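K.L.:
how would this look folded up:
(chains A and B)
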Amino acid sequence: MRFSKYFLKTDKNISDDDKIISAKLLKQGGFIRESVAGRFYFLPIGQKVQQKIMKVIKEEMDLAGGQEMVAPILHPLELWKETNRTNTAGFELMKINDRRGAEFALGGTAEEMFVDLIRQYKLSYRDLPFQLYQFSPKFRDELRARGGLLRVREFIMKDGYSFHRDENDFKIEYEKMKNVYAKIFNRVGLQTSIVESDNGYIGGEYCHEFISESEIGESKYFITENGNYAAHEDIAVFEKETKNKNDQLKPLTETEAKRGITMEDGANFHKLPLWQQIKNVLFVDDKNRFILAIIRGDLDVNETKLLHLVKGFNLRRATNEEIRKQINSEPGFISPVGIKKKLDKNTEFIIVADDSLRTISNAYGGNNEKNQDLLNVNIDRDYSPDIEGDIALVKAGYEAKNKIGKLVEKKGIEVGNIFQLGYHYSSKMKGAVYIDSDGKEKPFYMGCYGIGVGRTMAAIVEKHNDQNGIVWPESSAPFKVHLIALDGAEKEAEHLYEEMLKKDVEVLYDDRNKNAGEKFADADLIGLPIRIVVSKKTIQQGSCELKKRTESEAKIIPLPLIFDLII
RNA sequence: CGGGGUAUAGUGAAACGGCUAUCACGAGUCCUUUGGGAGGAUUUAUUCUGAGUUCGAAUCUCAGUACCCCGACCA
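P.N.:
Numbers count the residues shown, from 1 in each chain, chains lettered A, B, ... in the order given. Here you go, the predicted model:
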């Protein structure tokens, strides 16, 4: 491609608004341009990068047995209603009507479409398993787009959906996809951590994110030093060490406590350790249920874990007013002890206890009235939770579950995701069944697998850049060679360019009438792996100059040998 | 959706309520220059939209819209 004819405009001055290095370099290098917030043009050279990334994904997906196809982008809204995702994902669902008023969702992910497709066939167990995938634009009405390509409202995603006879068969596919994804990211130049995480509104029981570590990433995760456990903050489990649980139980005692309402106030007032206090946090969920989360005083509540235990999908903190009026307690003095007796019958109220409360005894805390505390509170004897489980939020430095190592906190960019869906969709969507060998209809066991192409592109740039610009890994570089013609050597450069085209070398040929410095600066910014300069200086000796973007020194190469080095 | 901020050329900025809205970069034309963003000449605007105040508005007021930041939320 001739630079002079290519729709590629690099930019010298760029807005201070862009703090994210990938956004800055991709805009400056002429790869992308913003339309409105969270929606980007991929300019010719940027689209070339996307295609390179898609090519790698496609090769690996096909090798793993995936079959590429395309589904409509407009999804009949009834399908989303069928799985209740108009509610669970409604906050970011884009809707559109046609002229007759038929409602469609602009697809943000396509589970319903693929299930709807395959339920139109009477499939038998002999057809299983299989995986279908597509590259297609996805729409998500993000509350807040940010960071260039990192969080956008419209993007190309590779999404794949696999259908299985049962869980065992699915697990083989799931493990395979872990390797396939790791290989894909590796090939495009990203080291990823495979991190357990929350399924969110996609549904299902477990999933793994592929995260490229980065300071500017939005995903917070925890990983042991040797990497044998990695989990997203939302779901990470850890060891809750035993405190004084074997102490003799003392009688429950009421006491006056003129103290502040924070946990520290309580600990200071009673001169007892923070961990011996009971922390009470009151939430209200989307069905207006009051949920009292109780946990050991040195830990915090993880709302995602809590949501799973109560099977809700949205939580907010109760207001002070609600604490007083609705559950007849007092902010800072809430206690699970005796609270149910104080409730109005119409208030739906659930007490959820963290299992850390089993590591202590003779705890202390409020007594549902201002300046009144209880001492020697013990689970089972003094209060009984409705639900007991793990609702604790992990922190850096905690010991991983089963003491397999200390947890380190990291941030990163989530570039891909694999989900176990199980029967989540096939149970909700009528007719999503196959005929098993016993002649009976059984629901499909499913998984799904996604990669954000644009975000992957951004993550690559985040990892591969220097102060002069992007340093593309060869697999995702839009061209392999950046050929620069300097004054007095145009004819020779032209000749070399023609020869490269004949040999199918992907080359960007800078034939512009610009000064040398400007051409070099653009070459660094655009970041192609190999730069070749043809100038008067070298051409007299029958050679040209070759410099790799990753190296600082150039080599003088005799012209006839050049193809040995770049093919 | 809550809080804060901004909107002037393609980009980044300047202009007290008052002269033809200024500068740099970019882009166009012409000329010179060609190993790290070179030089000269010249061209490049519906001051976000709408209303209002005023003799006079880029500047003040109101409304709308868009964008940015923080929070909430989320891939």
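
K.L.:
A:Phe313: what's it in contact with?
P.N.:
Contact analysis of A:Phe313 by C-beta atoms under 8 Å, 6 or more residues apart in numbering lists A:Asn87, A:Thr88, A:Tyr201, A:Asp285, A:Asp286, A:Leu307. Every residue, glycine included, has its C-beta placed from N, CA and C.

K.L.:
mind running it again at 6 Å?
P.N.:
Contact partners of A:Phe313, counting by C-beta atoms under 6 Å, 6 or more residues apart in numbering, are A:Thr88.

K.L.:
surely it is within a helix?
P.N.:
No - read with DSSP: H, G, I helix; E, B strand; the rest coil, A:Phe313 is coil and lies in no helix.

K.L.:
low pLDDT regions in chain A?
P.N.:
Scanning chain A for pLDDT under 70 picks out the ranges A:14-18, A:91.

K.L.:
A:Ile484 falls within a helix, correct?
P.N.:
No - under three-state DSSP, A:Ile484 falls outside any helix and is assigned strand.

K.L.:
was I right about it contacting A:Asp510?
P.N.:
Yes - at 4.7 Å, A:Ile484 counts as touching A:Asp510 under the criterion of C-beta atoms under 6 Å.

K.L.:
joint contacts of the two?
P.N.:
Common neighbours of A:Ile484 and A:Asp510 are listed as A:Lys519 (criterion: C-beta under 6 Å, 6+ apart).

K.L.:
residue ranges of the helices in the stretch 401-550 of chain A, please?
P.N.:
A:453-463, A:490-502, A:516-526, A:536-539 (DSSP state H, counting those that start in this stretch).

K.L.:
what would the ones you listed look like in JSON lines with mean neighbour count and distance to RNA strand B?
P.N.:
Formatted as JSON lines, these follow (neighbours: other C-beta atoms under 10 Å; distance: least, C-beta to the nearest atom of the strand, whole Å):
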{"stretch": "helix A:453-463", "mean neighbour count": "26", "distance to RNA strand B": "4"}
{"stretch": "helix A:490-502", "mean neighbour count": "16", "distance to RNA strand B": "9"}
{"stretch": "helix A:516-526", "mean neighbour count": "18", "distance to RNA strand B": "2"}
{"stretch": "helix A:536-539", "mean neighbour count": "16", "distance to RNA strand B": "5"}
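
K.L.:
make JSON lines from the ones you listed and add distance to A:Val180 to it.
P.N.:
As requested, these are exported to JSON lines (distance: least, C-beta to C-beta, whole Å):
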{"stretch": "helix A:453-463", "distance to A:Val180": "14"}
{"stretch": "helix A:490-502", "distance to A:Val180": "33"}
{"stretch": "helix A:516-526", "distance to A:Val180": "30"}
{"stretch": "helix A:536-539", "distance to A:Val180": "45"}
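
K.L.:
and the residue of the stretch 351-500 of chain A closest to RNA strand B?
P.N.:
Per C-beta to the nearest atom of the strand, A:Asp487 is where the stretch 351-500 of chain A lies closest to RNA strand B, at 3.3 Å.

K.L.:
can you pull up the most central residue in chain A?
P.N.:
Residue closest to the average C-alpha location in chain A (C-alpha atoms, centre = their mean): A:Glu414, at 3.4 Å.

K.L.:
bridged to it, which residues?
P.N.:
Taking DSSP bridges as the rule, A:Glu414 bridges to A:Ile211.

K.L.:
ok, which residues in the stretch 201-350 of chain A are in contact with RNA strand B?
P.N.:
By the rule C-beta under 7 Å from any atom of the strand, the part of the stretch 201-350 of chain A lying against RNA strand B is A:Tyr201, A:Ile202, A:Glu209, A:Glu218, A:Ser219, A:Glu303.

K.L.:
could you redo the last one with a cut-off of 6 Å?
P.N.:
By C-beta under 6 Å from any atom of the strand, the residues of the stretch 201-350 of chain A that approach RNA strand B are A:Tyr201, A:Glu218.

K.L.:
helices of the stretch 201-350 of chain A, start to end?
P.N.:
Secondary structure of the stretch 201-350 of chain A (DSSP H, counting those that start in this stretch): helices at A:263-270, A:303-310, A:320-325, A:339-342.

K.L.:
looking at the ones you listed, which is buried most?
P.N.:
Scoring the helices of the stretch 201-350 of chain A by mean neighbour count under mean count of other C-beta atoms under 10 Å gives helix A:303-310 as the most buried, with a mean of 20.

K.L.:
please state the offset of it from the chain centre?
P.N.:
Remark: helix A:303-310 is offset 19 Å from the chain centroid, using C-alpha atoms, centre = their mean, to the nearest Å.

K.L.:
and for the residue in the stretch 251-400 of chain A positioned nearest to RNA strand B, nearest residue in space, chain neighbours not counted?
P.N.:
In the stretch 251-400 of chain A, no residue comes nearer to RNA strand B than A:Glu303, which is 6.2 Å away by C-beta to the nearest atom of the strand. Excluding its sequence neighbours, the residue lying closest to A:Glu303 (C-beta to C-beta, 6 or more residues apart in numbering) is A:Leu315, at 5.3 Å.

K.L.:
kindly report the same for A:Leu528.
P.N.:
Leaving aside its sequence neighbours, A:Leu528 sits nearest to A:His482 (C-beta to C-beta, 6+ apart; 4.1 Å).

K.L.:
so who does the residue nearest to A:Glu303 touch?
P.N.:
A:Phe283, A:Asp285, A:Glu303, A:Leu307 are the contacts of A:Leu315 under C-beta under 6 Å, 6+ apart.

K.L.:
cool, A:Tyr383 as well?
P.N.:
By C-beta under 6 Å, 6+ apart, A:Tyr383 lies in contact with A:Pro336, A:Val337.

K.L.:
distance of it from A:Gln120?
P.N.:
53 Å (C-beta to C-beta, to the nearest Å).
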